Structure formats: C-alpha cells, structure tokens
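> All I have is the shape, not the residue letters:
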C-alpha cells in the first residue's frame with residue numbers, strides 16, 4: 001500500500017501524516033508514505049510508482065491540486081484521490097477527476113482517519129481485479145491476487161497459480177506494462193507477484209513455494225522491492 005501526501009505547507013503535511021499513520025497502524029495494513037511539497041514533484045514520482053491513495057491539497061502554489069489531479073489521471077486510473085481544501089466550492093470540480101472524497105481545512109484527525117478507512121475499503125474493492133486470458137476456444141479471468149508468476153516460453157505465456165497453469169500467446173513485456181506495481185520482473189522469462197515471494201537468494205527466489213531464477217539485471221530492483229515489502233509487512 002503506497003500513500004502519498006501532497007501539500008506545499010510542511011505543517012499540514014505533518015498533521016496529515018500523523019493521523020494517517022495512526023489509522024494505518026491500527027488497521028494492520030502494510031504501507032509506505034511519501035510526501036511531496038508540489039504537484040510537479042508528485043507527477044515526477046509517477047515514473048517509478050503509482051500511489052494507491054493520494055491526499056492532495058488543491059490550493060498549492062505553482063501547479064495547483066486540480067491541475068495536478070487532471071495530469072495524474074492520464075497515467076493513474078486507480079489512485080484514490082482525496083482532496084484537502086479550505087474551500088468547499090471545489091467539490092463539484094472533483095467529479096471530472098473522479099475524486100473519492102474531500103477533507104476541509106483545518107484538518108481534524110478524526111475526519112482524516114474516517115476518510116482513510118473508507119479509502120482503504122475502496123482500494124480493496126479496486127484490487128479485486130482479474131487478468132483476462134484469451135485462448136482458442138474460451139476466455140477466462142484469473143484473480144490477480146492468486147497469480148504467483150508469469151512465465152514466458154518463446155511465444156507462449158503461462159500464468160501460474162497455486163493449483164493451475166494457464167497458457168496463452170503473448171509477450172511478457174506487454175503483460176508487465178498493464179499489471180500493478182507488485183508484479184516485478186526477475187528474469188527475461190519470469191514476472192512474479194511480489195506478494196507471493198517468501199525468500200530471496202543471490203540468483204533465485206522462492207515464489208509460491210517454487211524456486212525461480214533471478215538474473216543479474218533484475219537482482220537489485222527485486223532485492224529493494226522485497227526488503228521494502230518485508231519492512232512494511
């Protein structure tokens with residue numbers, strides 16, 4: 001779970017973070033929190049990750065929150081946006097960027113935590129997604145949370161779960177671009193669900209109880225993601 005706070009006032013960012021962390025710790029959710037002092041900085045970060053939940057101030061200097069949200073929506077369809085503002089007049093503008101909720105300044109911790117609980121429930125609903133497989137005589141949907149890894153063998157791809165493997169034609173690179181960030185490349189032939197990785201060695205990892213090869217170009221990124229996942233679990 002990645003949560004971002006974007007507000008050009010440090011004092012208000014701190015107040016938001018304190019309330020958010022209190023609620024997350026009580027909920028038992030694994031998380032990382034990132035803070036940004038401008039919309040420009042937030043948008044730059046999207047090159048490497050997509051936030052699950054975003055607390056976004058509307059009245060920022062430079063690129064304001066509404067403009068930031070419009071640009072963010074071009075790349076992040078699933079991010080749950082929570083606007084924070086001193087002016088309720090902005091509420092109606094939020095429909096065009098599919099804002100989930102609003103919090104009015106000055107912040108009240110009880111309200112922040114209440115809205116966060118609703119946002120967490122929304123991310124769980126959004127996370128209940130499927131991977132669509134088109135085969136010769138049928139189409140089927142596999143829940144993403146159940147897929148341990150994808151394996152490429154020439155022009156064929158296998159989607160592997162705990163008790164089944166489904167084959168279809170495709171390219172691993174094309175599949176990777178449409179998956180959530182918890183799917184990570186470990187090899188030219190393997191793309192794993194980090195949530196099923198339980199152990200990491202120098203040249204292999206254990207994913208769903210199976211040992212899979214990890215090639216050198218992907219080793220550092222996998223190690224960093226695995227460590228981050230362990231620290232926040």
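Now that the structure is in, tell me what you want to look at. Being a predicted model, the structure only gives us computed values, none of them experimental.

> got a list of what the residue of the chain positioned farthest from its centre touches?
Ranking residues of the chain by C-alpha distance from their mean position (CA atoms, centre = their mean) puts residue 137 at the top, at 33.3 Å. Listed by CB atoms under 8 Å, 6 or more residues apart in numbering, the contact set of residue 137 is empty. Yep, even glycine has a C-beta here, placed from its N, CA and C like the rest.

> Which secondary structure elements does the helix or strand hosting residue 140 sit against?
Using DSSP states H and E, residue 140 falls within strand 139-143. On a contact count with 3 or more CB pairs under 8 Å, 6 or more residues apart in numbering; DSSP states H and E, strand 139-143 meets strand 130-134.

> Pull out the buried residues from the strand holding residue 140.
Using 16 or more other CB atoms under 10 Å as the test for burial, strand 139-143 gives residue 142.

> Give the rounded mean pLDDT of the very next helix or strand once past that strand.
On the C-terminal side of strand 139-143, the closest following helix or strand by DSSP H and E is strand 149-153. Mean per-residue pLDDT for strand 149-153: 96.

> partners of the helix or strand that strand 149-153 is followed by, with directions?
Next helix or strand after strand 149-153 toward the C-terminus (DSSP H and E): strand 156-160. Neighbouring strands of strand 156-160 in its sheet, by DSSP bridges, are strand 149-153 (antiparallel), strand 165-169 (antiparallel).

> Deepest in the core, which of those is it.
strand 149-153 (a mean of 18; mean count of other CB atoms under 10 Å).

> List the contacts of it.
So strand 149-153 is in contact with 157-160, 171-172, 175, 183, 188-193, 196, 207-208, 212, going by CB under 8 Å, 6+ apart.

> Please check those residues and keep the buried ones.
Among these, those scoring as buried are 157, 159-160, 172, 175, 183, 189-193, 196, 207-208, 212 (criterion: 16+ other CB under 10 Å).
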